[in-house]
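>>> Take a look and give me a structure for this.
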Amino acid sequence: MHDDRTLVEARLKRVLDERLRPAVYPESVPLEVAVWHAPGEPVPVAEGLAAPVEPVAVGTRWGAPWGTSWFRVTGTVPEAWAGRTVEALLDLGFDENMPGFQCEGLVYRPDGTPVKGLNPRNQWVRIGSPVEGGEQVELRIEAASNPVILDYHPFVPTRLGDKETAGSEPQYTLQRMDLAVFDETVWQLVLDLEVLGELMAELPVESARRWDILRAVERSLDAVDLQDVNGSAGRARSQLAEVLAAPAAPSAHRISAVGHAHIDSAWLWPLRETVRKVARTTANMTALIEDEPEFVFAMSQAQQWAWVKEHRPEVWARVKKAVADGRFVPAGGMWVESDTNMPGSEAMARQFVHGKRFFLDEFGIENDEAWLPDTFGFAAGLPQIIKAAGSKWLLTQKISWSQTNSFPHHTFLWEGIDGTRIFTHFPPVDTYNCSMRGSEIAHAARNFKDKGVARHSLAPTGWGDGGGGTTREMVAKAARLRDLEGSATVVWERPGEFFGKAQEEYPHPPVWVGELYLELHRATLTSQAKTKQGNRRSEHLLREAELWAATAAVRCGFSYPYEELDRIWKTVLLHQFHDILPGSSIAWVHREARATYERIAGELNGIIDAAQRSLAGEGAVPLVFNAAPHTRDGVPAGGAGTPLVAGEVSLTSETDGGFVLHNGLLRVEIDARGLVVSAYDIEADRETIAPGRAANLLQLHPDFPNMWDAWDVDAFYRNTVTDLVDVEEIAPGQDGVSVRIVRSFGASHVTQVLALAPGERRLEIDTEVDWHETEKFLKLAFPLDVHAERYASETQFGHFHRPTHTNTSWEAAKFEACNHRFVHLAEPGWGVALVNDSTYGHDVTRTVRETDSGTTTTVRVSLLRAPRFPDPETDQGIHRFRHALVPGAGIGDAVREGWRVNIPQRRLTGAGAVTPLVSVAEDAVVLTAVKLADDGSGDVVVRFHESRGGRTGATLTADFDVAEVTATDLLERPLANAAAPGRAGNRITLRLRPFELVTLRLRRA
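Predicted structure coming up:
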């Protein structure tokens, strides 16, 4: 037989495009359209429905950037259409190639009942099936004219990302507004042919199945009367019945489809628009659930559920019913799909606390899975947190975006820093917006790396980001793929059903130890510095507020601010979403974030001040409150007292224009350029700075990645560097024992103050940058005379080691990495810590010196970037950073100094010392939270962990009478089968494994 594949395939494409798809709606009549343009921000539904409208014609331009227009469409179903299915086709000016990234709408009935969303791939509204003819139709559309930020030519700087700079030019042209007859037979034929055509293209040419399908498709096309498509569609479908009925092979890959709409809580739109995106999508999905009995939809992010409940109660009622029916599934058990690299220990824990508690309170549903399809890498401390929250599974697909190395598994056990293992799945379909295309299904089956030992994978199916979720076409395709020869099989299942089957069939999967590093989007550790500073400072202010409020509540009846803390925590957690904290959202989002963090700081400082004043009482005794988890200057952790008098610091001038700082423990030389050329540990008789090198060196790189400007820094940025060594001024600081350094470069200015802490081996570096560069990357370098094959970075509830070498492509790809409060590197017996108050990105490199064959290990802190997309003014303005270099530091010193730089002491006068509410004897054990239980019982909750990576005993002492001690999960629920901690009165003893996390609930007598 001659090979006529290309001829039949080309015929299929043209007939589908030019005859069959247009025939799905064979008859139509126009609707009358009128509109009211809201003058500012979105208005309540009732106001939009009642607003006066003016006629508008199809073809009219509408919608200023970020505007809202309320359309009214009216019409009459023709009598001649009686007995047929009729739909309204409402095209606001959509581009079908951009679902989720342009205008959207939510359709209401005149009485305010929501119908469904309107999106580029979902423009229809069912009027009746069948209709009687003569029905009056009236619908209202709340239409959002969100501008296109990520256009066909992506990453072009634009002012559209903030309503304050976006202008008023209409963004869209009103297109089709019709009533139309819907021919379901033709629609089914289109889907038959799409499924078979897409499957055929994925099968080997030599496969008999491919040729069977080709001939069936040819017969079907022969049966279509191109002059009477609607009259011949049934005959054409009958020619396909046999090939559609052929069952899949018993060994076929099995896909669990989960209805899905990954909605970024903010990204190329502001938070307020996400509220509406979620309402549109949930309206769509509840409508689809009513129409499709096998369909199951899962939605993560409790915050988004809470928005629907608060802002769209009419949609919420439908959601609650669908949840009760088991068809609309809460997923993930987190407040938002957060970044997991940068959130601190408690914040990461609270993501699960607030997320899981919302779903438990609203629906009585316990989430077993963490659902993070789009997060930019996963910190090595996360497995223990997932388990401590009562969950056991993780899903993500983002690691498939890595540019250098292909991850070796799709289903595996992920082991964290403490040894906790979590059953993890990466969907091999490699998208969280699966549309049931044949290419996607075939890719999932081919790509699956665990063949021979496992057969199940998951496919999150639906358009995200306001694209409307799963469509009826996707559901129809999945029905055909349920058991189809040549294809993987597809069935709709809840996430828990998939994980249960996957774990049962693969009881001993391989293990991956350590972080799940995304070899992409590394610059998200630095972009939008003020957002990151706001997050870090909010986390520590929340710690202080809970600690002092709990202490004051137990000691003196202070009213514990349950509601305020709950609200503030949820706000901070929202801003840890994986496009807000990483700095990859539009200007509007980050402008609002800065204002939000400022407001939060004011509220938390008010709570802290009130609680501390309640504890201090009346008096004139100078007191220092220490909220850090370690004794500081003689003041116990969690207590207040009079600090010990520290030693002295001297400053001497050098003849070359430099200075020497000396405090008896460290001798620091600063040359005339303002660079640290020596940091000598007197007790250890050891130099810190590499020979011939200088620390505190600001370095400027060009920074123009190949794509994803705010997200990416590409390795080639290191090829070009400018050392900023020119100094405008170097002089003693105002206190007379510090050094002030002023520099200028480009359009920017830097002022630094270097000081030695009295009685401490700590060089403090305060940096203020007035930043006005474009597409530049600013680093602060510390070349250290340390031979280290690995270094430690703090992560949640511990630290994680990374190599300093680049032996393999896996190490080489980690040229920018994340730390929390410290980086530490050491030789046996001596180390160095670099601590910070708000930076996350860093790099560590090593070289061998030709002069003495010694090793120089250089730590560089990432300070600022200046990408122009999606925010063209990223990081412009004044920034302040605090760092400290700590020579002679062990890992315990790094932990302690990291806390010190992040939690300043607070000074008051009062009646006398305040003893800690709860104290721990062992310095290696860090209390991360002291608070009252969330249930209002008055119980004290204490969370702590082993911080150095070793085993230790722990003795906690409560400064109140304890009636009962219970080990709990993060949600403060008793742990099943947990051994009771040892207790003697108010002293509690237990043993901790390396990095072990423990939560105890102390019931007060």
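>>> Which stretches in the stretch 801-950 of the chain count as helices?
Using DSSP state H, counting those that start in this stretch, the helices of the stretch 801-950 of the chain run over residues 809-812, 891-902.
>>> what sits up against the shortest one?
In other words, helix 809-812. Residues outside helix 809-812 that contact it (CB atoms under 8 Å, 6 or more residues apart in numbering): 404-405, 802-803, 805-806. For the C-beta atoms, the positions are set from N, CA and C on the backbone; glycine is no exception.
>>> now that helix, how far from the centre of its chain.
The chain centre lies 24 Å from the centre of helix 809-812; the measure is CA atoms, centre = their mean, to the nearest Å.
>>> Can I get that helix in PDB, CA atoms only?
Coordinates of each C-alpha in helix 809-812 appear next as PDB, following Å, rounded to 0.1, in the frame of the first residue of the first chain:
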ATOM      1  CA  SER A 809      27.000  19.000  36.700                       C
ATOM      2  CA  TRP A 810      24.800  18.700  39.700                       C
ATOM      3  CA  GLU A 811      27.200  20.800  41.900                       C
ATOM      4  CA  ALA A 812      28.000  23.200  39.000                       C
END
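>>> and that helix, what's its mean pLDDT?
Mean per-residue pLDDT for helix 809-812: 98.
>>> Run through the stretch 651-800 of the chain and note the low-pLDDT ranges.
For the stretch 651-800 of the chain, no stretch has pLDDT under 70.
>>> roughly how far apart are the spatially most central residue of the chain and Asp374?
The centroid of the chain falls nearest to His578 when counting by CA atoms, centre = their mean (2.2 Å). Distance of His578 to Asp374, computed by CB to CB, to the nearest Å: 6 Å.
>>> Could you verify that Ala370 is part of a strand?
Yes. Counting by DSSP: H, G, I helix; E, B strand; the rest coil, Ala370 is located in a strand.
>>> residues contacting it?
Counting by CB under 8 Å, 6+ apart, Ala370 touches 332-334, 352, 382, 386, 391, 393-395, 422.
>>> before we move on, the earlier item: next, give phi and psi for the residue nearest to the centre of the chain.
When read as degrees, to the nearest 10, the backbone of His578 gives phi -80, psi 10.
>>> is it true that it touches Asn341?
No. Using CB atoms under 8 Å, His578 is not in contact with Asn341, being 9.4 Å away.
>>> shared neighbours of the two, anything?
Common neighbours of His578 and Asn341 (criterion: CB under 8 Å, 6+ apart): Phe376.
>>> thinking again about what came up before, wait, what's in contact with the residue nearest to the centre of the chain?
By CB under 8 Å, 6+ apart, the residues touching His578 are 264, 336-339, 372, 374-376.
>>> Which of those fall within strands?
Applying DSSP state E to the contacts of His578, no entry is found in strands.
>>> Quick check: which of the helices of the stretch 801-950 of the chain is nearest to Tyr517?
Comparison of these against Tyr517 by CB to CB identifies helix 809-812 as nearest, at 8.2 Å.
>>> Glu369 touches Leu394, doesn't it?
Yes. Glu369 is within contact range of Leu394, at 6.8 Å (criterion: CB under 8 Å).
>>> Between these two, which has more neighbouring residues?
More crowded of Glu369 and Leu394, by other CB atoms under 10 Å: Glu369, with 25 against 22.
>>> Relative to Asp418, how far out is the more buried one?
On the measure of CB to CB, Glu369 and Asp418 end up 20 Å apart.
>>> Could you do Val217 as well?
Going from Val217 to Asp418 by CB to CB gives 56 Å.
>>> just Glu816 next, same as before
Taken as CB to CB, the span from Glu816 to Asp418 is 25 Å.
>>> Pull the number of nearby residues for the spatially closest residue to Thr952 that is not a sequence neighbour.
Distance criterion CB to CB, 6 or more residues apart in numbering; nearest residue to Thr952, sequence neighbours excluded, is Ala924 at 5.0 Å. Residues lying near Ala924 (other CB under 10 Å) number 20.
>>> wait, Ala924 sits on Gly949?
No. With contacts counted by CB under 8 Å, Ala924 stays clear of Gly949, the gap being 9.1 Å.
>>> Next one: the residue lying farthest from the centre of the chain from Leu240, what distance?
In the chain, the residue that sits farthest from the middle, by CA atoms, centre = their mean, is Met1; the gap is 55.3 Å. Distance, Met1 to Leu240, using CB to CB: 20 Å.
>>> returning to what we had before: tell me the two of the contacts of His578 that are most distant?
Val336 and Phe376 (13.9 Å).
>>> ok, back up a step: okay, and the common contacts of His578 and Asp374?
Common neighbours of His578 and Asp374, counting by CB under 8 Å, 6+ apart, are 264, 337.
>>> returning to what we had before: which one of the helices of the stretch 801-950 of the chain lies nearest to Ser678?
Relative to Ser678, the nearest member of the helices of the stretch 801-950 of the chain by CB to CB is helix 891-902, separated by 20.2 Å.
>>> now what about the closest one, what contacts it?
With CB under 8 Å, 6+ apart as the test, helix 891-902 has contacts from 536, 540, 628-630, 632, 762, 792, 794, 799, 820-824, 826, 831, 833, 835-837, 882-884, 886, 889, 923-924, 926, 947-949.
>>> Hmm, Tyr680 is touching Leu665, no?
No. Tyr680 is not in contact with Leu665 according to CB under 8 Å; the separation is 9.8 Å.
>>> Looking at the residue nearest to the centre of the chain now. What's its pLDDT?
pLDDT, His578: 98.
>>> if I look at it, how far off is Trp512?
Distance, His578 to Trp512, by CB to CB: 21 Å.
>>> Over to Thr795?
Distance of Thr795 to Trp512, computed by CB to CB: 16 Å.
>>> what helix or strand is the closest residue in space to Val56 that isn't next to it in sequence on?
Nearest residue to Val56 in three dimensions, chain neighbours excluded: Val35, at 4.6 Å (CB to CB, 6+ apart). Assessed by DSSP states H and E, Val35 sits inside strand 32-37.
>>> Mind giving me the packing neighbours of that strand?
Applying 3 or more CB pairs under 8 Å, 6 or more residues apart in numbering; DSSP states H and E, we find strand 32-37 packed against strand 54-55, strand 67-76.
>>> Can you give me the buried ones in that strand?
33, 35-37 (16 or more other CB atoms under 10 Å).
>>> can you count the residues close to the closest residue to Ala442 other than its chain neighbours?
Excluding its sequence neighbours, the residue lying closest to Ala442 (CB to CB, 6+ apart) is Glu202, at 3.7 Å. Using other CB under 10 Å, the number of residues around Glu202 comes to 19.
>>> Glu202: what's it in contact with?
438-439, 441-442, 486.
>>> Arg209 too?
203, 246, 485-486.
>>> Most neighbours among these, please name it.
Compared across those, Gly486 has the highest neighbour count, 23 neighbours, by other CB under 10 Å.
>>> That one contacts Ser207, correct?
Yes. Counting by CB under 8 Å, Gly486 does reach Ser207; the two are 7.3 Å apart.
>>> Quickly note the distance from Arg846 to Arg740.
Distance from Arg846 to Arg740, by CB to CB: 32 Å.
>>> how many other residues sit next to Ala690?
Close neighbours of Ala690, defined as other CB under 10 Å, add up to 20.
>>> likewise the one 5 residues further on?
Counted with other CB under 10 Å, the neighbours of Ala695 add up to 25.
>>> so what's it up against?
675-677, 679, 688-689, 781-784, 885.
>>> could I get the residues you listed as a markdown table with neighbour count, distance to Asn284 and secondary structure?
Formatted as a markdown table, the contacts of Ala695 follow (neighbours: other CB atoms under 10 Å; distance: CB to CB, whole Å; DSSP: H, G, I helix; E, B strand; the rest coil):
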| residue | neighbour count | distance to Asn284 | secondary structure |
| --- | --- | --- | --- |
| Leu675 | 23 | 60 | coil |
| Val676 | 25 | 59 | strand |
| Val677 | 17 | 64 | strand |
| Ala679 | 28 | 61 | strand |
| Thr688 | 26 | 60 | coil |
| Ile689 | 25 | 61 | strand |
| Ala781 | 20 | 52 | strand |
| Phe782 | 27 | 53 | strand |
| Pro783 | 22 | 56 | strand |
| Leu784 | 26 | 56 | strand |
| Leu885 | 27 | 55 | strand |
